[in-house]
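Asks: One predicted model, sequence on top.
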2 protein chains.
Amino acid sequence: MPDPDPVLPLLWRHNAPSADGAPRRGPKQKVSVDDVVDAAIDIADAEGLAALSMRGLAQRLNLGAMTLYTYVATRNDLVVLMVDQVLGRTALPAHPDDLRERLALVVRVQYDDCRAHPWLLDVTGVRAWLGPHMADRYEWQLGAVEGLGLDDIEMDQTVTLLATFGTGVARAEQAVRHAERETGMSDAVWWEANYEALGEVMAGHDYPLAGRVGTAAGEAYQAASDQRRELEFGLARIIDGLVAHIAERGR
Amino acid sequence: MPDPDPVLPLLWRHNAPSADGAPRRGPKQKVSVDDVVDAAIDIADAEGLAALSMRGLAQRLNLGAMTLYTYVATRNDLVVLMVDQVLGRTALPAHPDDLRERLALVVRVQYDDCRAHPWLLDVTGVRAWLGPHMADRYEWQLGAVEGLGLDDIEMDQTVTLLATFGTGVARAEQAVRHAERETGMSDAVWWEANYEALGEVMAGHDYPLAGRVGTAAGEAYQAASDQRRELEFGLARIIDGLVAHIAERGR
DNA sequence: TAACGACATCGTACGGCGTACGGAATATGT
DNA sequence: ACATATTCCGTACGCCGTACGATGTCGTTA
């Protein structure tokens, strides 16, 4: 059996100098792990996860680059800490009485977090649970679907469906922002600049539905897509489906 | 107004030497753009998008690294070409007669492509439409919801909902695979190795729902999650919701 | 046929990245 | 006072994308 993941104690802050009273040898750390992680979150919030470099982070903290490695073992571990820490910042609201509102809130909390910290969407391969705030989050999500007559598996699947949807819409939105930042022009400007070129290049091809729907969407949205509306539309459909399923289970 | 995106002609292959009869000066290209993109897809399929480097790709093609830049302007452009090219490989099936099957197929095609080429999930900020096969795909998706009484906006939103869900489930699955590759152990092994450590570290915290549901899920799935089941569960709920909405629109 | 100009190929180099390594400084335990 | 554990950090290695310029190869033109 392999060794346990060494990031776990750090995630749960079981080795903080202040946790046990025992003082450490050597110089005091200039900053705390939380300071490091908070600064990293600031950078990622402002410039994206790709722009978060160990050197840059160290500079912001007035540390040498390699000093960071006395706080975290690798950049990957740092990202794991960032995720858990940033999830801990949002206070989880009480579950509304109304079932539909309760389900919607799970989606909206997920969506809002991903909007506030788009780099969350770039984090790959963090195992579920893992950190205290991730665990809090999962516990809270399950609380929204407790006592509805669903079995444990269905509770997990329901929560996963809601969270996946919230994340998915946020990701679509981030994709647009990302493209905007990269090309330096808004969606609308990009389409204006490329409309003619697209027409030339597509000569001979025909997309009757896509052309019609794309034009209608573009006019309605004043952009190629509108994530707010998509959120409301999808949310309504998913909740309809879930409520019907729950009603059937309850019978 | 800014200049149009220079990758467009290449995407639609409007500057291929063989497209117009006019022969080019200078030496023939050793390989074709399609060869380059296909080789890049091979690498990304096998080792992920992060493992696709210009040097590595060039080596596989027996080219100098910089030679690639006579085929594509940047690595980013290459990725855009890869997306369109790989989408073109899957033949889009005819739409089934049954509505539910038609909607489900949109999800499954999306899901299957993302499973076959997980690096698609790592591509950020590709504008919709853009390439011929992306356009084909969108046209096909819209065809699944044509003639149901939905207006254009709702057609777009419906298709987006289905595609988002398929992508989302595939992404959850990829996250697990990614973690497995990184740590070199399967989900089950990881949990076995970390069960004790998690217990120690979580001492004092209590997660009644998460603990119960997580255990039940773990036993049922023999893993922390089961994307196949999640796909079926979510698909059923979403289709229920969509069909109800369509029925109401038709009235 | 010879010279020209466009194009493909590719070696070198620059500035970035994560991080392995080892030395110096600083605190505690003996 | 000394040993030891810990922090801090400069240097260096091997990656990355890609800017630049030299060199060779071809179609075109004189």
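Replies: Yep, it's here. As the structure is a computational prediction, the values presented were derived from the model and not from experiment.
Asks: All the helices of chain A, residue numbers only.
Replies: With DSSP state H as the criterion, chain A has helices at A:7-11, A:33-47, A:54-60, A:75-89, A:99-116, A:132-143, A:152-183, A:187-201, A:208-221, A:227-250.
Asks: Would you mind getting the angle between the last one and helix B:152-183?
Replies: By that I understand helix A:227-250. Counting by axes from the mean of the first three to the mean of the last three CA atoms, to 10 degrees, helix A:227-250 lies at 80 degrees to helix B:152-183.
Asks: related to what we said a few turns ago, with mean neighbour count added, can I get the helices of chain A in JSON lines?
Replies: Bear in mind the C-beta positions are built from the backbone N, C-alpha and C, glycine included. As requested, the helices of chain A are exported to JSON lines (neighbours: other CB atoms under 10 Å in any protein chain shown):
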{"stretch": "helix A:7-11", "mean neighbour count": "19"}
{"stretch": "helix A:33-47", "mean neighbour count": "18"}
{"stretch": "helix A:54-60", "mean neighbour count": "15"}
{"stretch": "helix A:75-89", "mean neighbour count": "20"}
{"stretch": "helix A:99-116", "mean neighbour count": "19"}
{"stretch": "helix A:132-143", "mean neighbour count": "21"}
{"stretch": "helix A:152-183", "mean neighbour count": "21"}
{"stretch": "helix A:187-201", "mean neighbour count": "16"}
{"stretch": "helix A:208-221", "mean neighbour count": "17"}
{"stretch": "helix A:227-250", "mean neighbour count": "18"}
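Asks: The ones you listed: lowest mean pLDDT?
Replies: For those, mean pLDDT drops lowest on helix A:187-201, to a mean of 90.
Asks: so that one versus helix B:132-143, what angle?
Replies: Going by the same axes, to 10 degrees, helix A:187-201 makes 110 degrees with helix B:132-143.
Asks: how far off helix A:208-221 does helix A:187-201 point, in degrees?
Replies: Interaxial angle, helix A:187-201 versus helix A:208-221 (the same axes, to 10 degrees): 160 degrees.
Asks: who touches helix A:187-201?
Replies: A:176, A:179-180, A:183, A:185, A:218, A:222-225, B:1-5, B:8-9, B:11-12, B:14, B:127, B:129 (CB atoms under 8 Å, 6 or more residues apart in numbering or on different chains).
Asks: Quick one: distance of that helix to the chain centre.
Replies: Taking CA atoms, centre = their mean, to the nearest Å, the mean C-alpha location of helix A:187-201 is offset from the chain mean by 31 Å.
Asks: of the helices of chain A, which approaches B:Thr90 most closely?
Replies: helix A:208-221 (17.5 Å; CB to CB).
Asks: Let me see the contact set for A:Leu120.
Replies: By CB under 8 Å, 6+ apart, the contact list for A:Leu120 reads A:Val83, A:Val86, A:Asp113, A:Cys114.
Asks: next one: A:Asp122
Replies: A:Asp122 makes contacts with A:Gly48, A:Leu49, A:Ala50, B:Thr124, as judged by CB under 8 Å, 6+ apart.
Asks: could I get the residues you listed as TSV with distance to DNA strand D?
Replies: Listed next are these as TSV, based on distance: CB to the nearest atom of the strand, whole Å:
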residue	distance to DNA strand D
A:Gly48	16
A:Leu49	16
A:Ala50	12
B:Thr124	14
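Asks: In those, find the pair that's most separated.
Replies: So, these by CB to CB: farthest apart are A:Leu49 and B:Thr124, at 10.6 Å.
Asks: what's the residue lying farthest from the centre of chain A sitting at in phi/psi?
Replies: Distance from the centre of chain A peaks at A:Gly204, with 41.1 Å (CA atoms, centre = their mean). Torsion angles at A:Gly204 (phi, psi; degrees, to the nearest 10) stand at phi 100, psi -30.
Asks: Please apply the same query to A:Asp97.
Replies: phi -70, psi -40.
Asks: residues from chain A in reach of DNA strand D?
Replies: A:24-31, A:63-67, A:69-71 (CB under 7 Å from any atom of the strand).
Asks: May I ask which of these has the most neighbours?
Replies: A:Tyr71 (21 neighbours; other CB atoms under 10 Å in any protein chain shown).
Asks: Kindly give the local confidence score, pLDDT, for it.
Replies: A:Tyr71 carries a pLDDT value of 97.
Asks: Distance check, the residue farthest from the centre of chain A against B:Asp98.
Replies: Remark: distance between A:Gly204 and B:Asp98 (CB to CB, to the nearest Å) = 34 Å.
Asks: try A:Val36
Replies: Applying CB to CB, the value for A:Val36 to B:Asp98 is 55 Å.
Asks: quick one: contacts for the residue nearest to A:Leu87 when sequence neighbours are not counted?
Replies: What sits nearest to A:Leu87 in space, not counting adjacent residues and going by CB to CB, 6 or more residues apart in numbering or on different chains, is A:His133, at 4.1 Å. Counting by CB under 8 Å, 6+ apart, A:His133 makes contact with A:Asp84, A:Gln85, A:Leu87, A:Gly88.
Asks: What of A:His205?
Replies: Contacts for A:His205 (CB under 8 Å, 6+ apart) come out as B:Pro132, B:Ala135.
Asks: For B:Pro132, see how far away it is.
Replies: As for A:His205, its distance to B:Pro132 is 7 Å (criterion: CB to CB).
Asks: List buried residues within the contacts of A:Asp122.
Replies: A:Gly48, A:Leu49, B:Thr124 (16 or more other CB atoms under 10 Å in any protein chain shown).
Asks: a markdown table please, covering those residues and showing pLDDT and distance to B:Ala40.
Replies: Below are the buried ones among the contacts of A:Asp122 laid out as a markdown table (pLDDT from 0 to 100; distance: CB to CB, whole Å):
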| residue | pLDDT | distance to B:Ala40 |
| --- | --- | --- |
| A:Gly48 | 97 | 24 |
| A:Leu49 | 98 | 23 |
| B:Thr124 | 88 | 17 |
